[in-house]
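> Based on what follows, work out the 3D shape:
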Amino acid sequence: MRRLRNVKIVATLGPASETYDMIRALHEAGADVFRLNMSHGTHDEIREKHRIIREVERDLDSPIAILADLQGPKLRVGSFANGSEELEDGASFRLDLDTAEGDATRVCLPHPEIFAALKMGASLLVNDGKIRLKVEDCGPDYAECTVVAGGTISNRKGVNVPDVVLPLAALSEKDRADLEVACRLGVDWLALSFVQRPEDVAEARELADGRAAILAKIEKPSAVEHFDEILEVSDGIMVARGDLGVELPLQQVPPIQKRLIRKCRYVAKPVIVATQMLESMIESPVPTRAEVSDVAAAIYEGTDAIMLSAESAAGQFPIEAVQTMDKVAIEVEADPNYTGIIAASRGGRKHGVADAIVGAAREIAETTDIKAICVFTQSGTTALLTARERPGVPIIAMTSLRGTARRLCLSWGCNCVMTEVLERFKSAVVNAARAARSGGFAVESDQIVVMAGVPFNMPGTTNILRVAPCDERLIYSTDPG
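Numbers count the residues shown, from 1 in each chain. Okay, the predicted model is just below:
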């Protein structure tokens, strides 16, 4: 299913979008990747959503990526005798391991690992940062705090600890069970929440054992600090601006977003910008102008994908939210300024034959009348390198491996097409020409660029580039191979 834009759209499924008809409509409206939030729903409910997505994929003959988002370690306060309390600015408040119900002076924080890591002067944020506490004294089972910013605190509200790296296991027992279920189902991407260090990614990769690509969510200051190392061991990145905006001053988030996108593109790994992109569309059929500008800014920065969370999972207008993102992306990518910005930010770690070939393919496409770049790929690497170049013509990623086609649905500009296993380069050129024509990218009188590797069906062998006609008769008459 051809898109008229290059940036991809990720839509989260939930109560508002769990039927066959709705999931199909979302895909037809523009959703390229469906996110399964493992924080919500039973394993049976996750299995059913997965089944429906694959049914839609089969019915529309269109590869669809599925991203399973693991919950990660959730830190929460205990319960209050009155259900909630009002904390005043400047008041004292104690957090401890006592399981007794809380009051206006204290509450249980059932996480000894937090107390083990706390230091005097550290900040504790409660309820998405609405309440801010400063640690005045602490020990292995308590923290005496001053209320810096007060408000209503109630049962089981979340806690963020931005100032320290917590000695938490990267994956909870729930995460491990969810990961195994997701991998057995055959999801394409696993998103890891609250990553703090590269070792967190390594643990998930070992458990996944090659069954899914690993995407690290950047939502903690420690992840920003160790980003280069985390990126090195991850297959992709999500800039999760929700918790990141809680744990860091809000004004720091936009430059961090821009910097992380640039770094991901430099190493040819896909990056998603997520959280509150069209938040008002949970209840409104139209977004705010600020939200449209936010989506546009992420596209101008060169992100691979933009994501809807509650807007598509629980909102009243899930299809309209996808359509809005689609329209904004089409408009931005048609702007001459977009082309200039993307070209000016072009660069990357280049050190091999494949890097040189994809760079040459982009230059040929931009200096001659080429309609598409067709790349044959097994692992997906050559398609990712081509996407990094951000060429001005469509990328047709052709593979005989359905898993590769699905994973590439997250990557900028990749139009994924399934092909049979090929043995000869001439067959590859013929298949590329057919795909370009049938997809509406070219007609018989046009030319395309074809990239492949010989011997075929071996990852990492990209070594051929050819400018080819889309007319099969010309292919056979000019290519003796």
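
> pLDDT at the residue nearest to the spatial centre of the chain, what is it?
In the chain, the centroid-proximal residue (C-alpha atoms, centre = their mean) is Ile272; its distance is 3.6 Å. What the model reports as pLDDT for Ile272 is 98.

> quick one: it is in a strand?
Yes - counting by DSSP: H, G, I helix; E, B strand; the rest coil, one finds Ile272 located in a strand.

> I'd assumed Ile218 was in contact with it.
No - Ile272 is beyond contact range of Ile218, at 10.2 Å (criterion: C-beta atoms under 8 Å). Every residue, glycine included, has its C-beta placed from N, CA and C.

> related to what we said a few turns ago, residues touching the residue nearest to the centre of the chain, list them.
Counting by C-beta atoms under 8 Å, 6 or more residues apart in numbering, Ile272 touches Val10, Leu215, Gly236, Ile237, Met238, Val239, Thr303, Asp304, Ala305, Ile306, Met307, Leu410.

> separation between it and Asn6?
14 Å (C-beta to C-beta, to the nearest Å).

> And for Ala204?
Relative to Asn6, and taking C-beta to C-beta, Ala204 is found at 29 Å.

> Show me what the helix or strand of the chain with the lowest mean pLDDT is packed against.
Of all helical and strand segments in the chain, the minimum by mean pLDDT, DSSP states H and E falls on helix 472-478, at a mean of 77. With contacts taken as 3 or more C-beta pairs under 8 Å, 6 or more residues apart in numbering; DSSP states H and E, helix 472-478 sits against helix 425-438, strand 462-469.

> Contacts made by stretch 287-298 with the rest, please.
So stretch 287-298 is contacted by 254, 257, 261, 273, 277-281, 306, 321, 324-325, 328-329, 331-332 (C-beta under 8 Å, 6+ apart).

> if we go to 7 Å?
Val273, Met277, Leu278, Glu279, Ser280, Met281, Ile306, Thr324, Met325, Val328, Val332 (C-beta atoms under 7 Å, 6 or more residues apart in numbering).

> for stretch 108-124, same thing?
If you take C-beta under 7 Å, 6+ apart as the criterion, stretch 108-124 is touched by 75, 77-78, 95-99, 102, 132-143, 145, 159, 161-164, 166-168.

> next one: stretch 14-25
So stretch 14-25 is contacted by 13, 26, 37, 40, 49, 52-53, 55-56, 312-315, 318-319 (C-beta under 7 Å, 6+ apart).

> now, the most widely separated pair of the residues you listed?
Farthest apart among the contacts of stretch 14-25 by C-beta to C-beta are Glu55 and Gly315. That separation is 23.4 Å.

> Tell me which of those two has more neighbours.
Using other C-beta atoms under 10 Å as the criterion, Glu55 and Gly315 rank with Gly315 on top: 26 against 13.

> surely that one meets Ser280?
No - here Gly315 does not reach Ser280: they are 9.5 Å apart, not a contact under C-beta atoms under 7 Å.

> Find residues that contact each of these two.
Counting by C-beta under 7 Å, 6+ apart, nothing touches both Gly315 and Ser280.

> rewinding a little: are any of the contacts of stretch 14-25 buried, and which?
Neighbour-count burial (16 or more other C-beta atoms under 10 Å) is assigned, among the contacts of stretch 14-25, to 13, 26, 37, 40, 49, 52-53, 56, 312-315, 318-319.
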